[in-house]
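Student: Here is the input, now give the coordinates:
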Amino acid sequence: MTEPLLAPGTALLAGTLLLAVAIVFFWPGLGLIARWSRNRQNSQRVTIENALKHLYDSEYKRTTATLQSLAGALGTSADQAARLSARLEGLGLLKPQQDVLVLTVEGRSYALRVIRMHRLWERYLADETGLDEMEWHKEADEKEHLLTPHEAEELSARMGHPRFDPHGDPIPTASGDLPTPRGKTLTSLAVGEVAEIVHVEDEPKTVYAQIVALGLYPGMQVRMVESSHQRLRFVADSEECVLAPMFAGNVTVIPVLEESRLPERRRTLASLGKGEEATVTEISKACRGQQRRRLMDMGIIPGTAIRAELQSMGGDPTAYVVRGALVALRKRQAEQIYVREKGEGRP
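Tutor: Okay, the predicted model is just below:
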């Protein structure tokens with residue numbers, strides 16, 4: 001009598017294991033194969049949407065989009081950019097014209113939807129959260145691929161349908177309308193000319209970090225003092241700033257009327273020495289979202305008396321007396337609070 005190859009218990013265990021493996025890998029919608037397929041499709045969709053953003057940005061700024069510029073924007077090889085271009089053409093989103101990559105009507109509409117979601121999310125991060133502004137672009141780059149058009153409309157309505165993102169970029173409407181570019185670069189401002197910042201480019205990140213460090217933001221007025229190939233020297237919100245022309249090219253301005261005047265030099269809370277007292281006159285527009293609300297909740301509003309009380313060993317943070325309470329503020333926060341000395345007349 002021939003013995004079975006496997007005992008019944010062993011055969012049952014082996015069958016159970018095979019079934020478990022099959023479920024893990026092949027279960028519809030939840031198995032590893034399905035997840036891998038979705039991740040691959042999502043990755044391809046993100047690449048397509050990033051490519052469309054680059055092509056539209058080139059079109060909006062009236063520059064030429066090529067395979068080389070596409071490869072540079074996506075950080076891929078020229079061969080990968082060529083394959084992507086062919087795929088976009090096959091999807092009806094792109095129509096190459098000799099060496100230039102041109103969006104079709106469908107491609108342009110798709111790009112504007114992605115750009116709308118990106119800029120709405122940056123506006124949300126700036127106005128509704130305490131996230132550092134150096135992180136806005138990165139977070140929006142991820143969220144733009146996850147938001148649905150319906151979610152984007154809800155977000156826009158919640159914020160009162162903003163027209164610009166925090167960098168001054170116009171937010172496309174739900175129907176895809178976008179105003180033409182406005183202004184000129186800070187580098188083209190003549191000595192003595194006064195202008196208003198309307199846009200600060202947030203890429204590349206290293207350049208943006210330098211602009212942020214100077215406290216420049218849309219809505220601020222500047223007056224050019226010195227302009228050369230080596231540096232630009234200008235007054236911004238009563239503070240003198242210096243930027244290399246390469247960096248200043250990322251700041252867009254619109255000249256203002258000659259009658260407009262820059263505000264006189266203003267003192268910030270950070271300038272108070274220990275024991276000095278002053279009155280709050282304004283919180284800078286660069287202070288947004290939760291950070292601004294937190295300061296106001298502390299009672300730091302125009303007209304409030306405030307005194308520098310204690311400094312940490314390193315000088316940052318500093319403790320201030322506000323309405324009888326002791327609050328600690330970082331130097332960067334204190335620099336966004338304008339004050340006048342006690343007894344000084346109103347500006």
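Student: Show me where the protein dips below the pLDDT cut-off.
Tutor: 1-9, 11-12, 14-15, 18-42, 258-265, 342-347 (pLDDT under 70).
Student: can you give me the helices for it?
Tutor: 8-26, 32-60, 67-74, 78-90, 105-128, 136-143, 149-158, 205-213, 245-248, 289-297, 331-334 (DSSP state H).
Student: other SSEs contacting the fourth one?
Tutor: Using 3 or more Cβ pairs under 8 Å, 6 or more residues apart in numbering; DSSP states H and E as the contact criterion, the elements in contact with helix 78-90 are helix 32-60, helix 67-74. For the C-beta atoms, the positions are set from N, CA and C on the backbone; glycine is no exception.
Student: Need the winner for burial among those.
Tutor: Burial of the helices and strands packed on helix 78-90 is given as mean neighbour count (mean count of other Cβ atoms under 10 Å); helix 67-74 ranks first at a mean of 17.
Student: Quick one: residues in contact with that helix.
Tutor: 47, 50-51, 54-55, 58, 63, 77-78, 80-82, 84-85, 99, 101 (Cβ atoms under 8 Å, 6 or more residues apart in numbering).
Student: ok, so of those residues, who is nearest Pro317?
Tutor: Nearest to Pro317 among the contacts of helix 67-74, counting by Cβ to Cβ, is Asn50 at 39.6 Å.
Student: Return the residues in contact with that closest one.
Tutor: Contacts for Asn50 (Cβ under 8 Å, 6+ apart) come out as 73-74.
Student: What's the local residue count around Leu269?
Tutor: A total of 23 residues lie near Leu269 under the criterion other Cβ atoms under 10 Å.
Student: For Pro166, which of the helices and strands packed on helix 78-90 is the nearest?
Tutor: helix 32-60 (17.7 Å).
Student: residues of stretch 184-202 that come out buried?
Tutor: Neighbour counts over stretch 184-202 (16 or more other Cβ atoms under 10 Å) mark 186-189, 193-202 as buried.
Student: How about stretch 123-132?
Tutor: Within stretch 123-132, the residues that count as buried by 16+ other Cβ under 10 Å are 123-126, 131.
Student: Please give the number of neighbouring residues around Arg293.
Tutor: Using other Cβ under 10 Å, Arg293 has 13 other residues around it.
Student: do you know how far it is from Ile301?
Tutor: 11 Å (Cβ to Cβ, to the nearest Å).
Student: where does Gly324 fall, phi/psi-wise?
Tutor: Here is the backbone geometry of Gly324 (degrees, to the nearest 10): phi 80, psi -10.
Student: count of neighbours near it?
Tutor: Using other Cβ under 10 Å as the criterion, Gly324 is surrounded by 6 other residues.
Student: mind checking how far it is from Thr279?
Tutor: Per Cβ to Cβ, Gly324 is found 16 Å from Thr279.
Student: related to what we said a few turns ago, can I get the helices and strands packed on helix 78-90 in TSV including distance to Cys241?
Tutor: Formatted as TSV, the helices and strands packed on helix 78-90 follow (distance: least, Cβ to Cβ, whole Å):
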stretch	distance to Cys241
helix 32-60	27
helix 67-74	30
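Student: Can you tell me which of the buried residues of stretch 184-202 is nearest Ile337?
Tutor: Within the buried residues of stretch 184-202, the smallest distance to Ile337 is 20.5 Å, found for Ile197 (Cβ to Cβ).
Student: Quick one: the strands in the stretch 201-347 of the chain, in order.
Tutor: Taking DSSP state E, counting those that start in this stretch, the strands of the stretch 201-347 of the chain run over residues 221-227, 232-236, 239-243, 251-255, 267-268, 277-283, 305-311, 318-322, 325-329, 337-341.
Student: Stretch 235-243: end-to-end distance?
Tutor: Criterion Cα to Cα, to the nearest Å; first-to-last residue distance in stretch 235-243 is 11 Å.
Student: Name the residues of it that come out as buried.
Tutor: Within stretch 235-243, judged by 16+ other Cβ under 10 Å, the buried ones are 235-237, 241, 243.
Student: Pull the most distant pair out of those.
Tutor: Pairwise over the buried residues of stretch 235-243, using Cβ to Cβ, the maximum falls at Asp237 and Leu243, 14.5 Å.
Student: Now distance to Gly90 too, for the buried residues of stretch 123-132, in TSV please.
Tutor: Formatted as TSV, the buried residues of stretch 123-132 follow (distance: Cβ to Cβ, whole Å):
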residue	distance to Gly90
Arg123	34
Tyr124	35
Leu125	35
Ala126	38
Leu131	38
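Student: so which of these comes closest to Leu17?
Tutor: Leu131 (47.0 Å).
Student: what sits against the residue nearest to that closest one when sequence neighbours are not counted?
Tutor: Spatial nearest neighbour of Leu131, chain neighbours left out: Leu125 (5.1 Å); criterion: Cβ to Cβ, 6 or more residues apart in numbering. Listed by Cβ under 8 Å, 6+ apart, the contact partners of Leu125 are 131, 135-136, 139-140, 166, 289.
Student: nearest to Thr16, of these?
Tutor: Glu139 (44.7 Å).
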